[in-house]
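Novice: Provided below are the primary sequence and the corresponding predicted coordinates.
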Amino acid sequence: MSNNNDIELSNSDDCEKYINQFIQEVPLRRAEIGQGTVIKRALPSRHKRMIGAWCFLDHAGPTQFPQGDGLDIGPHPHIGLQTFTWMIEGTMMHSDSLGNRQLIRPKQVNLMTSGYGISHTEVSPGTETKMHAAQLWIALPDDKINMAPAFDHYPELPVIEEQGIQCTVLVGEFLNTQSPVKVHTELLGVDLFAAETTRARLSLDPRFEYGFMALEGLASINGHELTEDNMVILEPGLQHVDVEIHAGGRVLLIGGEPFESPILLWWNLVGRDVEELKLVREQWMMGNPRFGTIPSYDGPRMEAPAFPEHMRASK
């Protein structure tokens, strides 16, 4: 079967059928964290486990709360991944076991590389009353999974205009514009904002799979409605996509080459086999120095949940 996207199709119905074989709509799951902050989880799901190396995607908020009632996530461990936080509204303090403390503000990115092991906290300042953010995890490739942990803060990201859409390049290269965010596989992340209702045709890399998630307002992707309750997924093979974003709408676009290895994602950990994750859980519970400490945090560490009886790898 040919994968050639330059194939000549006899009519518009044939063209639509051809394109739609690459597209699916995936429902989001909702949960509550902190003091009433609702998150919408797109990845992982039973419909789609990963998009490239992107293995986790939560959309938090938008929400408002009284001062002192914001997010307060105590010390918890990570291995085998990078945490990526894109702040849209509000602020949050990151503290980690390497000694980093960084307040993230709107239109900024925090990137924490766990590698062999790190722990951190995420806390809304006491004066904060708003929260709107996207947090994603990036699975590290096999040759980087045990790299040294690190933390990077990106206060400015490149912004370009394309066909009436303001495009903030979060990760990778988009429209000949490169993000400074350092990742270890071929990935894309773009924040798409339209002040007025806008239609545009965006170029794609046919090697990549893609996901679109509405962060504000409504949109459509190749005619598939994008709402706060779903994500639109594109499988590899397409060279462009037609996007319509309603006035004031904001859409997160992520993409990447299908990941090289199956992964195991459990709790806050990304590994390759069950025994590894069981060992890491035990080390965390026993206070192993692998994950360091965060003396600045006044409160208990998170307890690891019971390990599940059955796990399967994601790809």
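Specialist: Here it is on my side, so go on. Just so you know, these numbers come straight off a predicted model, no measurement behind them. Numbering: from 1, shown residues only.
Novice: from here on, contacts and neighbour counts on C-alpha atoms
Specialist: Will do.
Novice: In the longest helix belonging to the chain, which residues are buried?
Specialist: Secondary structure of the chain read by DSSP state H shows that its longest helix is helix 274-285. Within helix 274-285, the residues scored as buried using 16 or more other CA atoms under 10 Å are 274, 277, 280-281, 284.
Novice: what helices or strands is it leaning on?
Specialist: Contact partners of helix 274-285 among helices and strands, from 3 or more CA pairs under 8 Å, 6 or more residues apart in numbering; DSSP states H and E: strand 269-271.
Novice: before we move on, the earlier item: redo the buried residues of helix 274-285 as JSON lines? Include distance to T227 and pLDDT.
Specialist: What follows is the buried residues of helix 274-285, written out as JSON lines (distance: CA to CA, whole Å; pLDDT from 0 to 100):
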{"residue": "V274", "distance to T227": "36", "pLDDT": "95"}
{"residue": "L277", "distance to T227": "35", "pLDDT": "97"}
{"residue": "V280", "distance to T227": "38", "pLDDT": "97"}
{"residue": "R281", "distance to T227": "37", "pLDDT": "97"}
{"residue": "W284", "distance to T227": "38", "pLDDT": "98"}
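Novice: From these, pick the one nearest L71.
Specialist: Distance to L71 across the buried residues of helix 274-285 (CA to CA) is lowest for W284, with 22.5 Å.
Novice: Now distance to H184 too, for the buried residues of helix 274-285, in TSV please.
Specialist: Output for these, formatted as TSV (distance: CA to CA, whole Å):
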residue	distance to H184
V274	24
L277	22
V280	23
R281	25
W284	26
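Novice: Give me the contact list for the longest helix of the chain.
Specialist: Residues outside helix 274-285 that contact it (CA atoms under 8 Å, 6 or more residues apart in numbering) are 77, 264, 266, 269-271, 290-291, 303-304, 307, 311.
Novice: what about 7 Å?
Specialist: 271, 304 (CA atoms under 7 Å, 6 or more residues apart in numbering).
Novice: From the chain's centroid, how far away is that helix?
Specialist: Distance, stretch centre to chain centre, for helix 274-285: 24 Å (CA atoms, centre = their mean, to the nearest Å).
Novice: Perfect, I'm done here.
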